[in-house]
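Trainee: Need a 3D model of the following:
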Amino acid sequence: MQHLSRRSILASGTAAAASTLFAESTFNKPLDVQLYTVRNEMPKQPKETLEAIAKIGYTQVEPGRADLAKIEPYLKEFKLATPSVHIDTPLVTGNWTAWKALQSIMPKDYTLAQAMEELKKHDAKFAVVSYLMPGERGGLDFYKKFAEQMNKAGEESKKHDIQLCYHHHSFEFEPKDGTRPFDVLVKEFDPKLVHFQCDIFWLSIGGNNVVDMLNQLKGRVASVHLKDIEKGTPTNYKEGSVPKGAFKEAGNGSLDFSEILKTCEKTGVKVYVVEQDQCAGSPLNSLAQSYKYLRTVKV
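Mentor: Predicted structure coming up:
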């Protein structure tokens, strides 16, 4: 077939062909909602909240494992898939003392294998360890041990055809003894067993260039959390002290979503999750704003 350059096509006057070959498309991958965004609405009105999420246009949600059974009828009713689910950290670490709230609601003999079976029944493909409590964090040796625990848990999840992931915040980027804990995790996680769920807000506020980090982790980022950050927000390693106003809906802050989403596609991201940790108004309005904007982003 004869090679066609942009110049030859335009010179031939075939504008329609040129438009088809060279025009950027808009982002059209399925969009997911992390239900932490609507944490205040879900206990009161689970059905109405999930219906509103579906009406915005979202086709997937990311719940916590403990909530799956409660919301299953509504997920089916509104055709909301759950490809990614957050699981209880102590199922991996065994440290229930740091998670006292879970001790009273979880059977003491509940295992990671049981959790994986539960997720598999809901067609989940990714299980995400989403947080380490301040009281259980330590120095670099802690993170090395945690990586070992994650690798072992990854072996278990792999038996169930589920990919184990770790969702970072910004505390993992604070240097300890000249090394960032995140870099320890990158080195020590077995790429065949443990992937990352990268949150672009926490990457940014942790002092990273989002695109550079996604490229660095090519093939190891299973999913991303999408939200924006207020321009000029300083680096902050203490997630609890971040001003509420720093959290912005996609398109309302300083991040370059076109480059970020292009990079996500190039580096193998499978699941795209919208999350709004803090909202100036209604969380559902925030989710609607992000959805509308993301559907206009050129990739």
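Trainee: Could you use CA atoms for every contact and neighbour count after this?
Mentor: Fine.
Trainee: hey, which helix or strand in this protein has the poorest pLDDT?
Mentor: Lowest on mean pLDDT, DSSP states H and E among the helices and strands of the chain sits helix 6-11, with a mean of 42.
Trainee: what's the distance between Val273 and Val194?
Mentor: Between Val273 and Val194 the computed distance is 19 Å (Cα to Cα, to the nearest Å).
Trainee: again with Thr49
Mentor: Per Cα to Cα, Thr49 is found 32 Å from Val194.
Trainee: who has more neighbours, the two?
Mentor: Val194 (28 against 18; other Cα atoms under 10 Å).
Trainee: Surely the more buried one touches Leu164?
Mentor: Yes: judged on Cα atoms under 8 Å, Val194 makes contact with Leu164 at a distance of 5.2 Å.
Trainee: Need the overlap of contacts for these two.
Mentor: Shared contacts of Val194 and Leu164, defined by Cα atoms under 8 Å, 6 or more residues apart in numbering, are found at 150, 154.
Trainee: What average pLDDT does the helix or strand encompassing Asn215 get?
Mentor: If you go by DSSP states H and E, Asn215 is part of helix 210-216. Mean pLDDT, computed over helix 210-216, is 98.
Trainee: Just the buried residues of that helix, please?
Mentor: 210-211, 214-215 (16 or more other Cα atoms under 10 Å).
Trainee: do the same with stretch 253-268
Mentor: By neighbour count with 16+ other Cα under 10 Å, stretch 253-268 contains the buried residues 253, 255, 257-258, 260-261, 263-264, 267-268.
Trainee: As TSV, these with secondary structure would be great.
Mentor: Compiled in TSV, those are given as follows (DSSP: H, G, I helix; E, B strand; the rest coil):
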residue	secondary structure
Gly253	coil
Leu255	coil
Phe257	helix
Ser258	helix
Ile260	helix
Leu261	helix
Thr263	helix
Cys264	helix
Thr267	helix
Gly268	coil
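Trainee: Can you show me the strands along the chain?
Mentor: Assigned strands in the chain, in chain order: 31-34, 60-62, 84-87, 126-129, 163-167, 194-199, 221-226, 228-229, 247-248, 271-274 (criterion: DSSP state E).
Trainee: would you list the ones you listed in CSV and tack on distance to Ser25 and mean pLDDT?
Mentor: Below are the strands of the chain laid out as CSV (distance: least, Cα to Cα, whole Å; pLDDT from 0 to 100):
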stretch, distance to Ser25, mean pLDDT
strand 31-34, 16, 98
strand 60-62, 22, 98
strand 84-87, 26, 98
strand 126-129, 28, 98
strand 163-167, 29, 99
strand 194-199, 24, 98
strand 221-226, 19, 98
strand 228-229, 21, 98
strand 247-248, 24, 98
strand 271-274, 17, 98
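Trainee: Can you say which of these is nearest to Ser282?
Mentor: Closest of those to Ser282 is strand 247-248, at 12.8 Å (criterion: Cα to Cα).
Trainee: in its sheet, what does that closest one sit against?
Mentor: strand 228-229 (antiparallel) (DSSP bridges).
Trainee: Which residues does the strand it pairs with contact?
Mentor: Outside strand 228-229, the residues that reach it (Cα under 8 Å, 6+ apart) are 200-201, 204-205, 246-255.
Trainee: Give the bridge partners for Lys298, please.
Mentor: Taking DSSP bridges as the rule, Lys298 bridges to Thr26.
Trainee: so who does it touch?
Mentor: Counting by Cα under 8 Å, 6+ apart, Lys298 makes contact with 24-27, 258.
Trainee: can you pick the most crowded of those residues?
Mentor: The member of the contacts of Lys298 surrounded by the most neighbours (other Cα under 10 Å) is Phe27, with 19 neighbours in all.
Trainee: I'd assumed Val299 was in contact with that one.
Mentor: Yes: with contact taken as Cα under 8 Å, Phe27 and Val299 are classed as touching, separated by 5.9 Å.
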